[in-house]
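Undergrad: Sequence plus the predicted model coming up.
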Amino acid sequence: MRNLAELLLEKTRENPAAEHFRYRRRGGIASLSRAETARRAALWAGVLARRGVRPGDRVGIVSEKSVAQAIAFFAAFSRGSIAVPVAEELPEAEMRFIFDDAGPALILASQGFLEKVKSAAGRIPVVTLEELPLEGDAALEPGPAERGDVACLIYTSGSTGRPKGVMLTHGNFLANAASSLELIGAGGGDVVLSILSYWHSFALTVELFTLLMAGGAVAVPKDKRDFVGRMGDYRPSIVLLVPRIAGMLRQGIADQAAASPPWKRWLFARALGNAARVCRADPGLRGPLWARALRRIYLGTVLKPLRARLGGAFRFFVSGGAPLDAECQAYFTHLGIPIYQGYGLTESSPVVSAGNAFVHRLGSSGRMASWVLPRGGGDYTFENDAGRRGKNLEGELLLRGDCVMAGYWRREEETAAALRDGWLYTGDVGRVDGDGFLYLAGRRTNLTCLLGGEKFHPEPIEERLKSAALIADCVVFGEGCKNAYALVVPALEHAGGMPRDEVVRRIRGEIARLLADAPAHWRPKDFALVPPLTIEEGLLTSTMKIRRARVLARHEEIVRELCARNGDRAPAGERVALL
């Protein structure tokens with residue numbers, strides 16, 4: 001198979017009437033077949049041709065998640081052009097930077113973002129997805145692209161600097177889809193659902209390519225509220241999410257349980273207590289026979305309504321995009337709606353590892369995908385601070401194989417830094433245990449060293465703290481300080497009309513409780529409240545990751561005051577300019 005348009009053609013020939021997309025229309029759920037997807041993609045590829053888009057040209061795509069957004073990719077692939085998906089929520093200045101850098105010949109945008117896109121596009125022509133034709137006969141062509149040709153430029157989140165366009169080839173995506181199919185265990189009867197848009201490489205690869213390769217279908221929710229509140233309408237079997245969404249779902253379940261009658265709360269607590277007794281970190285149950293039998297009873301009674309609300313076909317969640325706190329993962333396992341953690345990065349197309357129903361271990365990111373194993377033609381290793389390499393070390397994860405990017409668009413120095421001696425330097429620090437499960441500590445560049453020499457990665461601390469109902473977000477820091485500190489965004493929906501002093505008191509108690517068993521140097525000595533972090537202000541990336549340096553720079557005075565009142569110095573490091 002040469003390219004991704006050919007993938008759609010092949011699967012359409014196998015079963016033209018098979019459901020490809022499931023979406024909401026006029027309050028109900030509608031379907032689109034593979035044949036209809038291919039026909040619309042062919043019509044839109046014709047529009048690109050008439051607009052002068054040639055093979056190798058870039059085509060920008062700016063839209064909320066939708067079936068139209070998905071079809072636009074296949075239209076670009078059929079034309080042999082390069083799709084450049086851009087997050088619709090980006091500030092206009094950052095969107096303009098991406099357009100200037102990628103140089104698209106044409107931009108496809110949904111009507112709701114037309115004004116911002118036109119302003120950022122300058123002289124680049126913009127066509128709305130809504131004006132593209134839906135009627136007419138057309139046959140999808142596989143186009144001229146070969147496996148080694150670039151299929152997409154996906155701009156990285158830019159958490160430490162300006163976004164870079166990751167060049168991913170048709171071969172990268174095809175190899176990752178085949179590997180992910182095996183790793184996740186998706187099949188022809190599966191329906192995958194997520195709120196993640198297709199500028200997110202996790203959703204792009206798993207939904208548009210892996211599920212198509214498996215012969216399954218993709219459910220596209222109308223919006224975040226539709227996804228969270230009416231997930232069951234789509235009858236998904238696999239749901240993709242990121243830790244932030246997992247936290248939202250968990251809090252919603254906890255709130256509903258708290259609002260239940262006392263007898264229901266008692267039964268719910270008993271069911272979770274039993275689950276904590278018998279559930280293991282890996283597949284299977286432990287404990288006496290009576291406790292395991294009770295688990296099955298609870299799953300069929302007390303916990304059954306939770307699963308029923310997911311539509312009746314649900315199998316599991318897959319979390320990616322950021323580390324998922326092990327305690328959160330255990331909570332969903334206890335509910336009988338498991339989350340399996342995955343790991344990947346845009347530069348690897350993206351899936352590197354994941355757990356599944358048969359092979360998983362809570363707290364880990366699962367086992368390595370076949371493409372990074374010798375049997376798949378790839379390899380992995382770790383490099384420690386001393387420069388030693390080995391699979392039995394803890395250090396920066398290095399990868400090589402068919403899914404490694406072609407490089408960064410027009411960024412030779414950055415490409416040379418990331419791709420060295422045939423290895424992709426991921427920037428993520430971790431290890432693999434004796435059973436082959438991957439554990440990640442955090443980003444190498446985020447490793448924080450206190451004045452006394454103690455070191456920590458802030459990400460696992462932050463994820464644990466965000467499990468508190470009153471903490472919507474937080475940033476843990478302390479480079480060069482005597483102690484760790486935190487900036488905390490309070491969850492306004494739970495703080496309600498609570499006095500500020502009471503909010504502070506409760507958050508202090510939650511921090512102490514959640515980090516009671518953590519190393520002493522992990523525990524923030526003090527914290528300060530800050531307003532919500534937003535994408536529009538440049539404090540979060542489009543994938544909702546914290547732009548740590550920008551947050552600390554934005555709240556520099558608060559940071560200095562926080563440290564000073566604890567007899568400490570301000571954190572080391574240069575102030576960064578805000579975009």
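TA: Everything's here; your move.

Undergrad: low-confidence ranges in the protein?
TA: 157-161, 573-579 (pLDDT under 70).

Undergrad: Show me how the record splits it into domains.
TA: Split into domains by automatic domain parsing, the chain comes to 1-146, 447-564.

Undergrad: quick one: secondary structure of residue 152?
TA: Following DSSP: H, G, I helix; E, B strand; the rest coil, we place residue 152 in the strand state.

Undergrad: beta partners for it?
TA: For residue 152, the beta-bridge partners are residue 83, residue 168 (DSSP bridges).

Undergrad: Residue 59 now?
TA: residue 83, residue 106.

Undergrad: cool, and residue 424?
TA: Taking DSSP bridges, one obtains residue 399, residue 419 as the residues bridged to residue 424.

Undergrad: okay, now it: neighbour count?
TA: 22 (other C-beta atoms under 10 Å). Any C-beta I mention is one placed from the backbone N, CA and C, and that applies to glycine too.

Undergrad: Please report how far it lies from residue 372.
TA: The spacing between residue 424 and residue 372, counted by C-beta to C-beta, to the nearest Å, is 10 Å.

Undergrad: Now the common contact residues for the two.
TA: Residues touching both residue 424 and residue 372 (C-beta atoms under 8 Å, 6 or more residues apart in numbering) are 399, 400.

Undergrad: I'd say residue 561 and residue 528 touch.
TA: Yes: if you go by C-beta atoms under 8 Å, residue 561 and residue 528 touch, sitting 7.5 Å apart.

Undergrad: Contacts only, for residue 32.
TA: 19, 20, 21, 22, 23, 67.

Undergrad: Now name the helix or strand holding it.
TA: strand 28-33 (DSSP states H and E).

Undergrad: got the buried residues for that strand?
TA: Neighbour counts over strand 28-33 (16 or more other C-beta atoms under 10 Å) mark 32, 33 as buried.

Undergrad: got the phi/psi numbers for residue 122?
TA: Here the main-chain torsion angles of residue 122 (degrees, to the nearest 10) amount to phi 60, psi -120.

Undergrad: residue contacts, it?
TA: 96, 99, 100.

Undergrad: got it, and residue 151?
TA: 3, 4, 77, 82, 83, 145, 168, 169, 170, 172, 173.

Undergrad: Thought residue 70 was touching the second one, still the case?
TA: Spelled out, that is residue 4. No: at 11.8 Å, residue 4 does not count as touching residue 70 under the criterion of C-beta under 8 Å.

Undergrad: The two: which is more packed in?
TA: residue 4 (29 against 24).

Undergrad: quick one: the residue nearest to the spatial centre of the chain from residue 519, how far?
TA: Central residue of the chain (C-alpha atoms, centre = their mean): residue 321, 2.9 Å from the mean position. Distance of residue 321 to residue 519, given as C-beta to C-beta: 26 Å.

Undergrad: ok, now residue 131?
TA: Residue 131 is 58 Å from residue 519, by C-beta to C-beta.

Undergrad: now do residue 536
TA: 36 Å.

Undergrad: hmm, back to that, specify which member of the contacts of residue 122 is nearest to residue 470.
TA: For the contacts of residue 122, the residue nearest residue 470 by C-beta to C-beta is residue 96; the value is 37.4 Å.

Undergrad: give the contact list for the closest one.
TA: So residue 96 contacts 119, 120, 121, 122 (C-beta under 8 Å, 6+ apart).

Undergrad: from memory the third one sits against residue 107, does it?
TA: I take that to be residue 121. Yes: using C-beta under 8 Å, residue 121 is in contact with residue 107, at 5.5 Å.
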